[in-house]
Each structure stands twice: as structure tokens, then as C-alpha cells.
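Q: Got a predicted structure plus its sequence, pasted below:
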Amino acid sequence: MVRTGAPWRDLPEMFGHWNSVFRRFRRWAQTSVFEHVFQALSGAPDFEYALIDGTIIRVHQHGTGAKGGLVLRRSDARVAA
């Protein structure tokens with residue numbers, strides 16, 4: 001709501017009464033809750049469990065040249081030369 005400049009009254013009902021949501025947002029903004037959350041989430045990442053292994057990555061069937069295999073065609077520039 002803040003980023004787009006839309007009125008708080010246009011907040012969908014599923015989020016609760018617009019004034020309650022607005023008051024909570026203002027209270028959190030004034031007490032630096034958003035800054036604390038950002039600092040906690042943007043700290044030094046722990047890559048201990050981040051693994052990239054070719055054995056677990058699958059290519060989509062179109063990327064493998066399925067149905068007829070890979071077809072190599074000469075470029076028009078080489079044919080003209």
C-alpha cells in the first residue's frame with residue numbers, strides 16, 4: 001500500500017480492518033521492526049547446506065533435443081560465403 005500509494009481503505013478484507021493494519025504498520029515503522037527484520041535476513045549467508053550437483057539437475061525435454069535429436073544447421077552467413 002505504501003509503495004504504490006494506494007489508499008489504505010482499499011486494502012482487501014482478508015487482511016482485516018484497514019485502520020488496524022495501518023496502525024500496526026506505523027507502529028512497526030516507528031519502532032524499527034522492519035530494519036531489524038532486514039538486518040536479520042540480510043546477514044552473512046550460511047552456504048553450508050547449499051549444494052549444486054549435476055546429478056540432481058534435470059534438463060527439460062526440449063533442451064535435450066528430444067524427438068529426432070539435435071539438428072545442426074549451417075548459418076546463412078557460411079552458406080553464402
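A: Happy to help now that I have it. Numbering: from 1, shown residues only.
Q: show me where the protein has helices.
A: For the chain, helices defined by DSSP state H occupy the ranges 18-30, 33-41, 76-80.
Q: By mean pLDDT, show me the worst of the ones you listed.
A: Between the helices of the chain, the lowest average pLDDT goes to helix 76-80, which shows a mean of 62.
Q: what number of residues lie near Leu72?
A: 6 (other C-beta atoms under 10 Å). In short, each C-beta sits where N, CA and C put it, glycine included.
Q: Revised request: answer the last question for Trp28.
A: 14.
Q: same question, Arg9
A: Taking other C-beta under 10 Å as the criterion, the count of residues near Arg9 is 9.
Q: Which residues are in contact with it?
A: Shown in contact with Arg9 (C-beta atoms under 8 Å, 6 or more residues apart in numbering): Trp18.
Q: sorry, back to before: turn the helices of the chain into JSON lines, including distance to Arg3.
A: Formatted as JSON lines, the helices of the chain follow (distance: least, C-beta to C-beta, whole Å):
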{"stretch": "helix 18-30", "distance to Arg3": "12"}
{"stretch": "helix 33-41", "distance to Arg3": "13"}
{"stretch": "helix 76-80", "distance to Arg3": "48"}
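Q: Please work out which of these is packed deepest.
A: Compared across the helices of the chain, helix 18-30 shows the largest average neighbour count, a mean of 12 (mean count of other C-beta atoms under 10 Å).
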